[in-house]
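Chemist: Following is a predicted model, sequence given first.
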Amino acid sequence: MKDHENIYRPVFIIGTARCGLTPLMDLISYHKAFAWPSQFNNRHPQNYAVSFFSRLVHLPLLNSSPLKLRKFPRHAEAFSLWNDLFLGFGRPFRDLRADDVTPYTKSRFRRAVAEIMRYQGKPRFIAEYSGWSRIRFLKAIFPNAQFIHIVRDGRAVAHSLTNVAWWQGWEGVHKWRWGMPPPELLAQLEKYDYSFLAMAAVHWKILINNIVEQSQKLAREDIFLVRYEDLVKEPFKEACRCIEFCGLDADCPQFRRHLSTVRIVDANKKKFRIPAWGENLSQEQILMLNDLLADELMYFNYLPFDKSSAAIPKEKSVAAKSLCAVET
């Protein structure tokens, strides 16, 4: 297989951390057309032959069983694989651009994807990653790539980030890898005395604006927006919309059977490892998040929320109107 051929419309699922990448991939990545990086690719990034084991999930006895999500190869946010191809992919301090791609990097990425597809015996490729958009970088490597952006209420994301040890905000903005916030965001952090919850909100704000800005530069047929809240409410419907966006058959019986086996938990409303954000945060903390994230929340149609049922503003601010549009 020549690596510059046979890679038709690779699909990348993108979003900020804690946004719902995993449940979306649980739903759509097991379509019969898709090859994907597994936990074995992540552990053995230079051995593409381990991709062969991912064929196990399509065995008849496993296709309708949740076992495939627990004990067998499954999709993974395989940063070890991508970092082996480009050292700065996983932890850059800024978004990756087209001018970061060398001919050598392009050749390595295309070969890796082609090999994963070959060993899995699939015609299409899908992968997930969080953080910076990396859209321009990947478009320079795969000009016909498609992107599905999953977004989750920034207040829920901020709450979730402050409940994981790996979040870099614990060390302050001078040590995290999202760059120094602009003066207006620093002023907001100072306003709230560098609350960790406020810093997590700014983390989401920086990344979501980056993804929106880069997404709006894509053609309509290359970008699709999914809200986590819509996904957990109607997972079957949203999964089918994604598959149709990719130009694949959402009525495939095998895919329909798979959808019936996936259990999706609404972590915004139910305890899932940590309490739901609306129940766990104080009134003052919620109002702080409403203030910090007002523009972005309104842009994505998330209503202001507090424990005393605050009024809903009727108009977006100037800043919200200036956010780049994402076509769905």
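Modeler: Thanks, I have the structure now. Numbering: from 1, shown residues only.

Chemist: confidence score at residue 270?
Modeler: pLDDT, residue 270: 82.

Chemist: In the stretch 101-250 of the chain, what residue spans correspond to helices?
Modeler: Listed in chain order, the helices of the stretch 101-250 of the chain (DSSP state H, counting those that start in this stretch) span 103-120, 135-141, 154-161, 183-191, 196-215, 228-233, 235-245.

Chemist: Distance from the chain centre to the shortest one, please.
Modeler: Distance of helix 228-233 from the chain centroid (Cα atoms, centre = their mean, to the nearest Å) equals 14 Å.

Chemist: which other helices and strands contact it?
Modeler: On a contact count with 3 or more Cβ pairs under 8 Å, 6 or more residues apart in numbering; DSSP states H and E, helix 228-233 meets helix 21-28, strand 146-151, helix 235-245. C-beta here means a position set from N, CA and C on the backbone, and glycine is covered the same way.

Chemist: The last one vs helix 21-28, what angle?
Modeler: Interaxial angle, helix 235-245 versus helix 21-28 (axes from the mean of the first three to the mean of the last three Cα atoms, to 10 degrees): 80 degrees.

Chemist: packing partners for the next helix or strand after helix 235-245?
Modeler: Heading C-terminal from helix 235-245, the first helix or strand you meet, by DSSP states H and E, is helix 253-259. Helices and strands touching helix 253-259, by 3+ Cβ pairs under 8 Å, 6+ apart, are helix 235-245.

Chemist: Output the contacting helices and strands for the helix it packs on.
Modeler: helix 21-28, strand 146-151, strand 223-227, helix 228-233, helix 253-259.

Chemist: want to try JSON lines for these, with distance to residue 205 as columns?
Modeler: JSON lines is the format used below for the helices and strands packed on helix 235-245 (distance: least, Cβ to Cβ, whole Å):
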{"stretch": "helix 21-28", "distance to residue 205": "19"}
{"stretch": "strand 146-151", "distance to residue 205": "12"}
{"stretch": "strand 223-227", "distance to residue 205": "17"}
{"stretch": "helix 228-233", "distance to residue 205": "17"}
{"stretch": "helix 253-259", "distance to residue 205": "33"}
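
Chemist: got JSON lines for those, with distance to residue 37 and mean neighbour count too?
Modeler: What follows is the helices and strands packed on helix 235-245, written out as JSON lines (distance: least, Cβ to Cβ, whole Å; neighbours: other Cβ atoms under 10 Å):
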{"stretch": "helix 21-28", "distance to residue 37": "11", "mean neighbour count": "22"}
{"stretch": "strand 146-151", "distance to residue 37": "16", "mean neighbour count": "24"}
{"stretch": "strand 223-227", "distance to residue 37": "20", "mean neighbour count": "21"}
{"stretch": "helix 228-233", "distance to residue 37": "21", "mean neighbour count": "19"}
{"stretch": "helix 253-259", "distance to residue 37": "19", "mean neighbour count": "16"}
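
Chemist: Looking at those, which is nearest to residue 6?
Modeler: Judged by Cβ to Cβ, the one of these that comes nearest to residue 6 is strand 146-151, at 16.3 Å.

Chemist: Would you list the phi and psi of residue 11?
Modeler: Backbone torsions for residue 11, taken as degrees, to the nearest 10, come to phi -120, psi 130.

Chemist: Okay, now the unreliable bits of the stretch 201-328 of the chain?
Modeler: Scanning the stretch 201-328 of the chain for pLDDT under 70 picks out 305-328.

Chemist: Quick check: residue 29 touching residue 126?
Modeler: Yes: under the criterion of Cβ atoms under 8 Å, residue 29 makes contact with residue 126 at 5.3 Å.

Chemist: shared neighbours of the two, which are they?
Modeler: Shared contacts of residue 29 and residue 126 (Cβ atoms under 8 Å, 6 or more residues apart in numbering): 36, 75.

Chemist: Quick one: residues contacting the nearest residue to residue 125 once chain neighbours are set aside.
Modeler: Using Cβ to Cβ, 6 or more residues apart in numbering and skipping the chain neighbours, the partner closest in space to residue 125 is residue 10 (4.3 Å). Neighbouring residues of residue 10 by Cβ under 8 Å, 6+ apart: 113, 124, 125, 126, 127, 142, 144, 145, 146.

Chemist: repeat that for 6 Å
Modeler: 125, 142, 145 (Cβ atoms under 6 Å, 6 or more residues apart in numbering).
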